[in-house]
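>>> predicted structure and sequence below. I'll ask about it afterward.
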Amino acid sequence: MQLEILTPEKKLYAGEVYGIQLPGISGSFEILEKHAPMVSALGRGTMKVLMDKSGNNNTRYTIQGGFMEVIQNKVTVLVEGAEEK
């Protein structure tokens, strides 16, 4: 699945991933390959990029909020105040 993480200042990440865990405004959720199309608002919390199934190669970001969209096996995340942990 393709993932793009964007802030107002720069592109944080673009590439192939196994999945992503996001802090939604009503609770955390996870997107994996071939997820149904959706759009969601994001709350403050930790965003975890899952690089592979093993769970050993993950990247975490602290975000202040934003939005995400899934369409045709591509996830686009627009966030404010993202810092890599």
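Arrived safely.
>>> what's near enough to touch the residue nearest to residue 64 when sequence neighbours are not counted?
Once flanking residues are discounted, residue 64 sits nearest to residue 81: 3.3 Å by CB to CB, 6 or more residues apart in numbering. For the C-beta atoms, the positions are set from N, CA and C on the backbone; glycine is no exception. Residue 81 is in contact with 7, 62, 63, 64, 65, counting by CB atoms under 8 Å, 6 or more residues apart in numbering.
>>> also residue 43?
For residue 43, the contact set (CB under 8 Å, 6+ apart) comprises 23, 24, 25, 65.
>>> again, but for residue 15
Here residue 15 is in contact with 2, 3 (CB under 8 Å, 6+ apart).
>>> what strands line up against the host helix or strand of it, and which way round?
According to DSSP states H and E, residue 15 maps onto strand 11-16. Take DSSP bridges as the rule and strand 11-16 pairs in its sheet with strand 2-6 (antiparallel).
>>> which regions of the protein sit below the pLDDT cut-off?
Low-confidence segments of the chain, defined by pLDDT under 70, are absent.
>>> who's sitting farthest from the centroid in it?
residue 54 (18.0 Å; CA atoms, centre = their mean).
>>> helix, strand or coil for it?
coil (DSSP: H, G, I helix; E, B strand; the rest coil).
>>> can you verify my assumption that residue 84 contacts residue 61?
Yes. In this structure residue 84 lies within contact range of residue 61 using CB atoms under 8 Å: 5.5 Å.
>>> okay, the two: which has more neighbours?
residue 61 (20 against 11; other CB atoms under 10 Å).
>>> so what's the one residue sitting closest to the centre of the chain up against?
For the chain, the residue nearest the mean C-alpha position is residue 20 (4.9 Å; CA atoms, centre = their mean). Neighbour list for residue 20: 3, 30, 31, 47, 48, 49, 50, 75, 77 [criterion: CB under 8 Å, 6+ apart].
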